[in-house]
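>>> Let's see this in three dimensions:
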Amino acid sequence: MVDVDTVIDRYSEFAEAFPGARVQYAVKANPHPAVLRALVGAGAAFDVASPGEIDLCLKVGARPETLSYGNTIKKPADVAHAHAAGIREYTFDARCDLDNIARHAPGAQVSARLLLEGGPDSVTPFGDKFGCNVDDAVRLLVRAAETGLDPVGVSFHVGSQQLEPDAWDVAVASAAKVFSGTAEHGVTLRRLNIGGGFGISYIDTAPPMSAYADTVLSALHAHFPEPPELVCEPGRALVAEAGLIRGEVVVVSRKHPTDEHRWVYLDIGRYNGLAETENEAIAYRLVPVGEHSPEDGPVIIAGPTCDGDDVLYQRTPYRLPLSLRPGDRIDILSSGAYTASYSSVAFNGIEPLRTYCISEGRLISAE
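Next comes the predicted model:
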């Protein structure tokens, strides 16, 4: 269940925290048409990662100029599809991708994505998968200008669910080096995309959005003689707290009579919505539904499939009522991001996670 009104409230709060910034919702976090349609109405822009996301955004009324193709891993056909759809902004981190953009989206605006090193890790870091170093970013942006593209700036992402606002200060400092480096070659950049990664509270408390905004805005003034155009790409920060999943307890057991921990198996697991529990990275808040005894005890929580990796929480301490029985329900809070969009098609014959959207307490969409 996703409360669309909460999504719009979070969007408004985010836009207020970053005045003047272009806020591009990361569609991959929750691509439900009702969510996208509401954000279109609120004036949001969109970070898209595939032709499918482009088509979906356009279908719900987004204008092509509000879409930015942020995925650096794309086929020539993907670029051509985007260009034909009217998309004029792209991100790259490799020469072959840059050359494909020049060939299939002539004259497009492009930004180089930086590989970040030395900053604090997020809860789910990207490692070395995305980005290029400062020197390569300078070289590629200069090449972009030579090929007739419009090199507008630099992008980065400090990792998903980043709980250390100082990560943005480190990243902004690196981006400033690219700006000064390209200027030495006669290429003037004007835009800085600081990505997403803004954390929300699960069982651990995240910093308030004001802490992120204060750090980012201070970093811009510290590292740039004149702050560039600012772009933000929140996903989780807009939709996570709007979502709730109600799961059912299937089995409660102990492996040995003397075990302190009970095993609680739910009808939802890693493969049908809770992919972010891998390595127990995201620890959702779990709330039993209905009346239960006040006594509780430690539990290990697992999903329903036949896969041995479908164990959600074995190291993270969880406690649930001793009265918990099969058939009881458990609410998984703040689960509006990266759940339905991660759900498998039919692993173990389990259908994809359905989404029901509400607004003003009324059901507006069920898929």
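>>> Who does L333 form a beta bridge with?
L244 (DSSP bridges).
>>> quick one, helices of the stretch 1-150 of the chain?
4-17, 33-42, 51-59, 76-84, 95-104, 134-146 (DSSP state H, counting those that start in this stretch).
>>> Figure out which of those is closest to S210.
helix 4-17 (6.2 Å; Cβ to Cβ). Any C-beta I mention is one placed from the backbone N, CA and C, and that applies to glycine too.
>>> Can I get that closest one in CSV? Just the C-alpha atoms.
Extracted C-alpha coordinates of helix 4-17, given in CSV (Å, rounded to 0.1, in the frame of the first residue of the first chain):
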residue,chain,number,x,y,z
VAL,A,4,0.5,9.0,-2.7
ASP,A,5,-0.2,12.1,-0.6
THR,A,6,2.8,11.2,1.6
VAL,A,7,4.9,11.0,-1.6
ILE,A,8,3.9,14.5,-2.6
ASP,A,9,4.5,15.8,1.0
ARG,A,10,8.0,14.3,0.9
TYR,A,11,8.7,15.8,-2.5
SER,A,12,7.6,19.3,-1.2
GLU,A,13,9.7,19.0,1.8
PHE,A,14,12.7,18.0,-0.3
ALA,A,15,12.2,20.8,-2.7
GLU,A,16,12.0,23.3,0.2
ALA,A,17,15.2,21.9,1.7
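>>> and the angle from it to helix 33-42?
40 degrees (axes from the mean of the first three to the mean of the last three Cα atoms, to 10 degrees).
>>> same for helix 4-17, what does it pack against?
For helix 4-17, the elements it packs on are strand 22-26, helix 33-42, helix 209-223, helix 236-239, strand 356-359, judged by 3 or more Cβ pairs under 8 Å, 6 or more residues apart in numbering; DSSP states H and E.
>>> The same query, at a cut-off of 6 Å, please.
helix 33-42, helix 236-239, strand 356-359 (3 or more Cβ pairs under 6 Å, 6 or more residues apart in numbering; DSSP states H and E).
>>> For it, buried residues please.
Neighbour-count burial for helix 4-17 flags 4, 6-8, 10-11, 14-15, 17 (criterion: 16 or more other Cβ atoms under 10 Å).
>>> Including mean pLDDT and distance to Y271, could the helices of the stretch 1-150 of the chain go into TSV?
Listed next are the helices of the stretch 1-150 of the chain as TSV, based on pLDDT from 0 to 100; distance: least, Cβ to Cβ, whole Å:
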stretch	mean pLDDT	distance to Y271
helix 4-17	98	25
helix 33-42	98	23
helix 51-59	98	21
helix 76-84	98	27
helix 95-104	98	31
helix 134-146	98	37
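>>> Rebuild the ones you listed as a markdown table, extending it with distance to T215.
Formatted as a markdown table, the helices of the stretch 1-150 of the chain follow (distance: least, Cβ to Cβ, whole Å):
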| stretch | distance to T215 |
| --- | --- |
| helix 4-17 | 11 |
| helix 33-42 | 25 |
| helix 51-59 | 29 |
| helix 76-84 | 33 |
| helix 95-104 | 30 |
| helix 134-146 | 21 |
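>>> Got the domain ranges for this structure?
2-239, 244-333+337-366 (automatic domain parsing).
>>> Please enumerate residues in contact with stretch 290-299?
Contacting residues not belonging to stretch 290-299 are listed as 260-262, 264, 318-323 [Cβ atoms under 6 Å, 6 or more residues apart in numbering].
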